[in-house]
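*Asks:* okay, sequence plus prediction incoming.
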Amino acid sequence: MVDLTEIWVYLARDPLAALTATLLAWLAGLRLAALCRWHPVANPVLLAVILLAGLLLAAGVDYRAYFQGAQFVHFLLGPATVALAVPLYRQWHHVRSSALAALLAIACGGLAAAFSGVAFALLLRAAPEVTASLAPRSVTMPVAMGIAEQIGGLPGLTAAVVLGSGVTGATLGPAMLNLARVRDWRARGLAMGTAAHGIGTARAISVNATAGAFSGMAMGLNALISALLLPLLWRFFLG
């Protein structure tokens, strides 16, 4: 068990202003989303990012300096991802009955997302490192950055693209699924988790427990499949 004093020393090593700004931006994003009656466009993650980015630009704070104080929030991404196993366990009877179909859907969806990103970059004649950065765009951010670095991409650009994909998927995904008349919560969760990773999963959990469980499973399996297959496919086709 880690002593609380050691945790405090870790937090106090750098100024806590960045951590405080991050938490306040998130609370403001939630408040604004509530004022907008949780309209899909008013995504709290997007609102918090806009508020925080505007604050950093106005204050002239470099991102690296900001991250030194806010890295504790980044550290919590790991435990938060692992915690997604809880709704998955609670919905295990639904997951077990459709495991094979779900696995096939996740694999096809993840590869289709990677192919579309690469095809778009090639169509615009983007630089090779930009093309590589777009390949893991639907994978959860820590894994996507690792994949991008392995295939010659720019991890920073990949992080921005992944964030944009997640926010776009969480914002427009439910409306697109409604237009496609996808009513099954399992299918909706798989689509959100595969295309919009963690941000889409957070959106799915807030709407329906079954959708949240399948979305969390899709996010994890898509990261695993992409980490195994994308480097191999990249070397085979574009290496």
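*Replies:* Okay, I see it. No experiment lies behind these values; they were computed from the predicted model shown.
*Asks:* which stretches of this structure form helices?
*Replies:* 4-12, 17-35, 44-59, 63-75, 77-83, 85-90, 92-97, 99-123, 128-134, 141-150, 155-179, 185-207, 209-237 (DSSP state H).
*Asks:* buried set for the fifth one?
*Replies:* Of all the residues in helix 77-83, those buried under the rule 16 or more other C-beta atoms under 10 Å are T81. C-beta: built from backbone N, CA, C; applies to glycine.
*Asks:* just the CA trace of that helix, in CSV.
*Replies:* Provided in CSV are the C-alpha atoms of helix 77-83 (Å, rounded to 0.1, in the frame of the first residue of the first chain):
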residue,chain,number,x,y,z
LEU,A,77,-6.4,7.0,-17.5
GLY,A,78,-5.1,3.6,-16.8
PRO,A,79,-7.2,2.8,-13.7
ALA,A,80,-10.3,4.4,-15.5
THR,A,81,-9.8,2.1,-18.5
VAL,A,82,-9.5,-1.0,-16.2
ALA,A,83,-12.6,0.1,-14.4
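*Asks:* helices and strands around that helix, which ones?
*Replies:* Applying 3 or more C-beta pairs under 8 Å, 6 or more residues apart in numbering; DSSP states H and E, one finds that helix 77-83 contacts helix 141-150, helix 185-207.
*Asks:* who are the contact partners of A187?
*Replies:* By C-beta atoms under 8 Å, 6 or more residues apart in numbering, the contact set of A187 is A105, F214.
*Asks:* ok, now how distant is it from G173?
*Replies:* 12 Å (C-beta to C-beta, to the nearest Å).
*Asks:* same question, A105
*Replies:* For A105, the distance to G173 equals 15 Å [C-beta to C-beta].
*Asks:* next: L228.
*Replies:* Between L228 and G173 the computed distance is 25 Å (C-beta to C-beta).
*Asks:* and what of L84?
*Replies:* Distance, L84 to G173, using C-beta to C-beta: 17 Å.
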